[in-house]
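S.K.: below are the sequence and a predicted model; questions follow.
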Amino acid sequence: MSTKNIEKKSFILSLKKESRINEDALNVISDLRLEELIAVKLELSAKATKGKLYGFPLWYSLPSICRDACIIFVRSCCNTKRDMSDMLGIPYDQFMLNFKQYFKEY
């Protein structure tokens, strides 16, 4: 299958189309380190729940949250499954084991 016929998607463009993000927000985000962006999001979540994130296993959920973010990213910039596995830095057969879990509609 030729990768020339596959249109790349952009997660940022989809957020812009939904009016969930604009250029000003992107400029602010680009100035933050990933760790700072996660800390801001956690603080906003804590404020929304009045500081009660108790019972949510945040520490143990972080690997899954980070993997989900990586999956969203590779879907937006890669055309093939091989490209996705290479971008993630995992062997193709290991990627395929997880493929169905993350890409149900692919």
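M.R.: Cool, the structure landed.

S.K.: now the longest helix anywhere in the chain: buried residues?
M.R.: The longest helix of the chain (DSSP state H) is helix 58-77. For helix 58-77, the neighbour count (16 or more other CB atoms under 10 Å) marks 71, 74 as buried. In this view, the C-beta of every residue, glycine as well, is placed from N, C-alpha and C.

S.K.: tell me the helix or strand right after it.
M.R.: helix 81-88 (DSSP states H and E).

S.K.: give me the helices and strands touching the very next helix or strand once past that following helix, please.
M.R.: Sequence-wise, the next helix or strand downstream of helix 81-88 (DSSP H and E) is helix 92-102. Packing partners of helix 92-102 (3 or more CB pairs under 8 Å, 6 or more residues apart in numbering; DSSP states H and E): helix 81-88.

S.K.: ok, now with 6 Å
M.R.: Counting contacts by 3 or more CB pairs under 6 Å, 6 or more residues apart in numbering; DSSP states H and E, helix 92-102 is packed against no other helix or strand.

S.K.: pLDDT score for the most centrally placed residue in the chain?
M.R.: The centroid of the chain falls nearest to Ala69 when counting by CA atoms, centre = their mean (2.2 Å). We note a pLDDT of 90 for Ala69 in this prediction.

S.K.: swap in the one 3 residues further on?
M.R.: As predicted, Ile72 sits at a pLDDT of 86.

S.K.: and for the residue nearest to it when sequence neighbours are not counted, the neighbour number?
M.R.: Spatial nearest neighbour of Ile72, excluding adjacent residues (CB to CB, 6 or more residues apart in numbering): Phe11 at 5.7 Å. Counted with other CB atoms under 10 Å, the neighbours of Phe11 add up to 14.

S.K.: hang on, the earlier thing: next, the angle from the longest helix of the chain to helix 92-102.
M.R.: Orientation check (axes from the mean of the first three to the mean of the last three CA atoms, to 10 degrees): helix 58-77 against helix 92-102 gives 100 degrees.

S.K.: please state the offset of helix 58-77 from the chain centre?
M.R.: Centroid separation between helix 58-77 and its chain, computed with CA atoms, centre = their mean, to the nearest Å, is 5 Å.
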